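J.: Give me a model of this one.
(one chain, ligands or ions: 1)
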Amino acid sequence: MTNNEKKIWMDGFLVDWNKATIHILTHALHYATAVFEGIRCYKTVNGLAVFRLSDHIQRLINSGKIYFMDIKYSKEQLEKAVIDTINANKVGEESYIRPIAYYGYGKMGVNPLPNKVSVAIATWIWDEHLKKEKQYEEKGIRLMVSAWMRIDGRTMPFLAKATANYANSALARVEALKAGFDEAIMLNTNGKVVEASAENIFIVRDSLLITPPTSSGALNGITRDTVLAIAKENKIRYEIRDISRDELYISDEIFLTGTAAGIKPVAEIDNRSIADGKEGWITRRLKERFELVVYDRDDELSKKWLTYVE
Ligand code: PMP
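T.: As a prediction, this is how the structure comes out:
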């Protein structure tokens, strides 16, 4: 299917991809007053299914609440709209789904409240930048700690997946790419490790899995939560606690998690090799289990978390 034949859901209507446009004075474009989600639809052994749809839509609603958004659709309507969008596009493949709620065109000025809140849902097949290189599947990616600090809870609400937060992420990502790395790790204003520009981070030390708490500034990632559930199911010990920058360098394993990126092993941070630079056994085990869950081969968790499209 070419983009020309594709549809984007906009406030209840399936609009042609090329006609899915908005006014240049849309409030969200000028003042970053939008919240969004990133969801994945997997081609499972039993057909196409969306992973943790309910949790993603709940996070979207929560993000909207933080920004006083009056989203006109119920949770059920939004979930159905995601499925309708996938069906309308006859995707047939694993795809990425992007719902966004935004303050629209109306009254300019910092206050968004006079403007209508609109919702749009697009879907596409996405070769995310951390995914596309085959070598990373075996070798792991190279990271640098960014000079940009992660947004602080006193300046921005980090539990909202808001477009505004991604200006901070984009600066860090570009800094890393221009310096020849694959991704950035961000510290908070206390100097503790938070997350990557668009992924959560896990380290392993002495067979203990560790990830920073969401109170550090990390997004309450749905892949992060999935990994913690899989660790629990597989009796892998884990702790949620702050991580210092130097602890990264002496970890046995490090990996990133996210809807777009999946579970990505890390080979190097700041030019220091993580152990032997290869994917560690806990990362591999979690990745294998994760794939069983998302492709509907895990009795418990797949049933709980997959919503079939057809
Ligand atoms: N942190 C940030 C800043 C992100 O943008 C994302 C991607 N949504 C994540 C973490 C991972 O979250 P999830 O697993 O829900 O995709």
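
J.: Could you list the contact residues of this protein toward the ligand?
T.: 38, 169, 195, 198-200, 219, 221-224, 257-259 (Cβ under 6 Å from any ligand atom). In short, each C-beta sits where N, CA and C put it, glycine included.

J.: Looking at those, which two lie furthest apart in space?
T.: Spatial extent of the residues of the chain next to the ligand (Cβ to Cβ) is set by the pair S169 and I222 at 17.1 Å.

J.: between the two, which one's more packed in?
T.: I222 (23 against 19; other Cβ atoms under 10 Å).

J.: Is the more buried one in contact with A229, as I believe?
T.: No - under the criterion of Cβ atoms under 8 Å, I222 makes no contact with A229, lying 10.5 Å away.

J.: Name the residue of the stretch 51-200 of the chain with the shortest distance to the ligand.
T.: In the stretch 51-200 of the chain, no residue comes nearer to the ligand than A198, which is 3.7 Å away by Cβ to the nearest ligand atom.

J.: so that residue makes contact with T259?
T.: No - between A198 and T259 there is no contact under Cβ under 8 Å: 9.2 Å.

J.: what's the next secondary structure element after the helix or strand bottoming out on mean pLDDT in the chain?
T.: Of all helical and strand segments in the chain, the minimum by mean pLDDT, DSSP states H and E falls on helix 134-139, at a mean of 60. Following helix 134-139 in sequence order, the next helix or strand is strand 141-145 (DSSP states H and E).

J.: Quick one: the strands in the stretch 51-200 of the chain, in order.
T.: Along the stretch 51-200 of the chain, counting by DSSP state E, counting those that start in this stretch, strands occupy 95-103, 117-124, 141-145, 183-187, 193-196, 200-205.

J.: On the pLDDT front, check the nearest residue to I83 once chain neighbours are set aside for me.
T.: Counting by Cβ to Cβ, 6 or more residues apart in numbering, V309 is the residue found nearest to I83 once chain neighbours are left out, at 5.8 Å. Looking at V309, its pLDDT stands at 93.

J.: what's the distance between A184 and F255?
T.: 16 Å (Cβ to Cβ, to the nearest Å).

J.: Which one's more surrounded, these two?
T.: F255 (28 against 25).

J.: Tell me the gap between the helix or strand where the more buried one lies and the middle of its chain.
T.: F255 belongs to strand 253-258 when assigned by DSSP H and E. Counting by Cα atoms, centre = their mean, to the nearest Å, strand 253-258 is centred 13 Å from the centre of its parent chain.

J.: now do stretch 36-53
T.: With Cα atoms, centre = their mean, you get 13 Å for stretch 36-53.

J.: Can you get me a residue count around the residue nearest to I57 when sequence neighbours are not counted?
T.: Using Cβ to Cβ, 6+ apart and skipping residues adjacent in sequence, the residue nearest I57 is L78, 4.9 Å away. Per other Cβ under 10 Å, the neighbour tally for L78 reads 23.

J.: pretty sure L78 is touching I97, no?
T.: No - in this structure, L78 is not within contact of I97 by Cβ under 8 Å, at 11.2 Å.

J.: can you tell me the helix or strand for the closest residue to A162 other than its chain neighbours?
T.: Nearest residue to A162 in three dimensions, chain neighbours excluded: V35, at 5.0 Å (Cβ to Cβ, 6+ apart). Per DSSP H and E: V35 is located in strand 34-36.

J.: same for that strand, what does it pack against?
T.: helix 53-66, strand 95-103 (3 or more Cβ pairs under 8 Å, 6 or more residues apart in numbering; DSSP states H and E).

J.: ok so, going back, how about the residues of the chain next to the ligand in CSV, adding pLDDT and distance to P213?
T.: Shown next, in CSV, are the residues of the chain next to the ligand (pLDDT from 0 to 100; distance: Cβ to Cβ, whole Å):
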residue, pLDDT, distance to P213
G38, 98, 22
S169, 98, 19
E195, 98, 11
A198, 97, 19
E199, 98, 16
N200, 98, 11
L219, 97, 12
G221, 98, 12
I222, 98, 16
T223, 98, 16
R224, 98, 11
T257, 98, 15
G258, 97, 18
T259, 97, 20
